[in-house]
Each structure stands twice: as C-alpha cells, then as structure tokens.
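Asker: need a structure here:
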Amino acid sequence: MKELKYLSPTELLSIRRRRKKKAEPGVVSKKLNQMPGALIYTGERHVDQVRLELMQFNPEDLIETSVDFNGLQDLRKDGYTTWLNVVGLHEIEAIQKIGEAFQIHNLALEDILNVNQRPTFDEYDDHFFMAAKMFRTSDETIISEQFSMIVGEGYIITFQEKDGDIFDGVRGRLRNAKGRIRTRQSDYLAFALLDVIVDHYLAIIEEYGDEINEQEARLLGDFKKTILNDLNLSKKEVNYLRRFARPLRDTVISFNKSDLLLIDKKTRPFLKDLNDHITHVTETIEVYRETINDNLNTYHTHMTNKLNDVLKVLTIFSVVFIPLTFMAGIYGMNFEHMPELSYEYSYPIFWGAIVIVALGMVYYFKRKKWL
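Answerer: Numbers count the residues shown, from 1 in each chain. Next up is the predicted model:
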C-alpha cells in the first residue's frame, strides 16, 4: 500500500500556485520588491501616445492649445491660471518629465500611475494631490477610469487614462466666462472638476435606483427565476460604486478641512456643499444596497414558500395513502382462512372503505386548515 504524505498549508499553497496557468503579473505583483516612490504603471495602454491639453485663463483672456514636452517649465504664466490635462499614463518617462517640471512629489507620481489607487487627498509643501475613480456613460455602458490631479499655486494638472471625459461643461464655462470660474484660482477649478465627478456618481446611482425599483416590482408581480441574475448583477455593480464612493467622501472631507493657503476662503462654502453631495451619494448607495438585499431575501423567501407548498402537497398525499396502503396490504396477504374473501360484496365494501378513509382524512386536513 502506498504511504500517504501529509502536506503543510505552505506546501499546498505552493502546489496550487504551480498548477495555475501563467498569466500577466497583476497590480500587486508589479510593485513587489520595489522601493517606495517607484514609478510603475499598473494599468493598460488606452491611447497611442500621451497628449497634453493646455488651458490658461484669467477674467479677461483664455488661451487653449495642445503642447508637447518641450518647455514644460515655461507653461506657467503670470496673471493666468494654468490647467494642463494629461491624457494617457502608460509613458512613465513623460510623467517623470511633468513631475520634474512642476516639482511634484515622487509619491504623488507613484499614486498617479497606480490606476487602482484608493480615492485620496495628500498634502505636500507647495501643492496637494487628489485621486478619484471617474465614471461616465457611453452607449448605455458605464466607463470607469482613474483620475488624478495636482493643484499648486496658479496651476492644476489633471491625469486621465483614456480619451474623453466628463468635463466639457467646465471647459464650456471657461470658454464662455460663465459664472465665477474665470475669476477664481486653481483651488476653485479643482472643486469644479471634483463636483462634476460627484454629480456623475449621483446620476449613475439614480439609474441603478430605477432598475432596483423595477426589480422590486417584478418580485411582487410576475415572478420569474431569471430575476436572480439581475439582482446579483445589480448587487455587484452597486458594491463596486460603493467601493469608491465611501473613500471619495473622506477625500472631500480632507479637502474641506485642509489648512493649505492654496485653498481660498471663498472656496470653503462650495467645498461644504460638495461634502453634502457626496454624503447624499454614499447614503443613497447604502439605501439601494439594503434594498437589493431585501429583494434577494424576498426572492429566497418566495422560493422557500413554493418549495414548502410542494412539500405540503406531497406530504398530504403520502399521509392519505398510508392507511390505504395498510388496508391493501392486509387484504393482499395470501392467508387461506380470511372470512371476507368468500363474501359476495367484499370487493365493493373494500373500495368503499378506502374512499371513506381517504375523504375523511382530506376533510380532517381542511378542518385543521392544513389545506
């Protein structure tokens, strides 16, 4: 007989890892054994090359153009607020050049390249860093990407992975000098961009709210088993939004409570309003999350009730036929001396007794309200 070998948990883990199909290194694997601040892009390539979009504005003038990586140090202009939007994060050398030109802290650059970075707010000597997950809809599809921004005195640099974003409204207000955005500094522009991100969170969760309410109506009406897939999918997607909405609220709170001189007193009331918006988003997500769980409980309760109804019917049939089986068993035995066997009306009497017993048991069950 072959001797059995007992493996330790560590040995079992090693075997399981060797059995797995080799794949591309994940986010964590890419950063293993790297020193803090190492610049490693953890996402995929979404654009052909990194593109720089520049907007410089003051109350009287607006300059909008595309720029290259030559002369990044000279982009800041006296009397203007500079907004540099970087599209594409896959070229690490390009991100390094931007960091050197604007003296961005290396830890902030590391977080910019980490597309799974938790929404956060970090302060440095002369600038602050914010990261958030940006959601937008396109052809009934929700697109998510990492969005980061560096805000300093007279400038703001935003970083996004893909072409297209949700800031056309902000650009339109800058071009048309609508509202107060052209008269304020980079801190107010940072608020305006973050406000758009929060508004899209709310718009998306409201769409899920309509879908969740429809699922609830379906549970109470024409019930079908296929609704379980819809409920589980909604739960997964709402939990995904919740994963980023909750830390985004902490980011907005940190932004609001920051003592940096970069943040003007005139911007504080707007940050408080933004805090109210993101709080509304997180509370709405929690409400819909609870509603989905209630819908799942309703589904499982409904299925349990249906199963109980089936089992009740089967049990009643079994109980009714137990005495009938007993009677049939008695008169089915091959005893030679049974007085009823020779009687002329034994057969109809036997069937009459069976019918009476069966109907009597059914009547008893109804009296007890078991049927």
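Asker: which residues touch V87?
Answerer: With contact taken as C-beta atoms under 8 Å, 6 or more residues apart in numbering, V87 is in contact with V47, V50, R51, L52, E53, Q160, K162, D163. Heads up, the C-betas are built off the backbone N, CA and C, glycines and all.
Asker: for it, give the beta-bridge partners.
Answerer: V87 has these beta-bridge partners by DSSP bridges: R51, Q160.
Asker: go on, S66?
Answerer: Applying DSSP bridges, one finds that S66 bridges with E53.
Asker: quick check, pLDDT for it.
Answerer: S66 is assigned a pLDDT of 86 by the prediction.
Asker: do I have it right that it meets L52?
Answerer: Yes: using C-beta atoms under 8 Å, S66 is in contact with L52, at 6.5 Å.
Asker: higher neighbour count, those two?
Answerer: Higher neighbour count among S66 and L52: L52, with 19 against 9, using other C-beta atoms under 10 Å.
Asker: compute the distance between the more buried one and K97, please.
Answerer: 10 Å (C-beta to C-beta, to the nearest Å).
Asker: how about A245, secondary structure?
Answerer: helix (DSSP: H, G, I helix; E, B strand; the rest coil).
Asker: so who does it touch?
Answerer: Y201, I278, V281, T282, I285.
Asker: the stretch 251-371 of the chain: helices as residue ranges?
Answerer: Ranges of helices in the stretch 251-371 of the chain, per DSSP state H, counting those that start in this stretch, are 268-331, 346-367.
Asker: including mean neighbour count, could the ones you listed go into JSON lines?
Answerer: Output for the helices of the stretch 251-371 of the chain, formatted as JSON lines (neighbours: other C-beta atoms under 10 Å):
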{"stretch": "helix 268-331", "mean neighbour count": "14"}
{"stretch": "helix 346-367", "mean neighbour count": "12"}
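Asker: how about those, which one is nearest N70?
Answerer: Nearest to N70, of all those, is helix 268-331, at 36.1 Å by C-beta to C-beta.
Asker: the helices in the stretch 101-250 of the chain, which residues?
Answerer: So, for the stretch 101-250 of the chain - with DSSP H, counting those that start in this stretch - the helices run 106-113, 168-176, 186-220, 227-257.
Asker: between the ones you listed, which one is nearest to I356?
Answerer: helix 186-220 (43.3 Å).
Asker: returning to what we had before: comparing the helices of the stretch 251-371 of the chain by mean pLDDT, which bottoms out?
Answerer: The stretch with the lowest average pLDDT out of the helices of the stretch 251-371 of the chain is helix 346-367, scoring a mean of 83.
Asker: can you give me how far that helix is from the chain middle?
Answerer: 60 Å (C-alpha atoms, centre = their mean, to the nearest Å).
Asker: got the angle for that helix vs helix 268-331?
Answerer: With axes from the mean of the first three to the mean of the last three C-alpha atoms, to 10 degrees defining the directions, helix 346-367 sits at 160 degrees from helix 268-331.
Asker: that older thread, among the contacts of V87, which ones are buried?
Answerer: When the contacts of V87 are checked for burial by 16 or more other C-beta atoms under 10 Å, the buried set is V50, L52, Q160, K162.
Asker: just confirm the second one contacts F69, I think it does.
Answerer: Yes: the pair formed by L52 and F69 meets the contact definition of C-beta under 8 Å, at 7.3 Å.
Asker: hang on, the earlier thing: so can I have TSV of the helices of the stretch 251-371 of the chain showing distance to D111?
Answerer: Converted to TSV, the helices of the stretch 251-371 of the chain look like this (distance: least, C-beta to C-beta, whole Å):
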stretch	distance to D111
helix 268-331	20
helix 346-367	69
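Asker: what about the residue positioned nearest the centre of the chain, distance to D210?
Answerer: Central residue of the chain (C-alpha atoms, centre = their mean): Y240, 1.3 Å from the mean position. Going from Y240 to D210 by C-beta to C-beta gives 18 Å.
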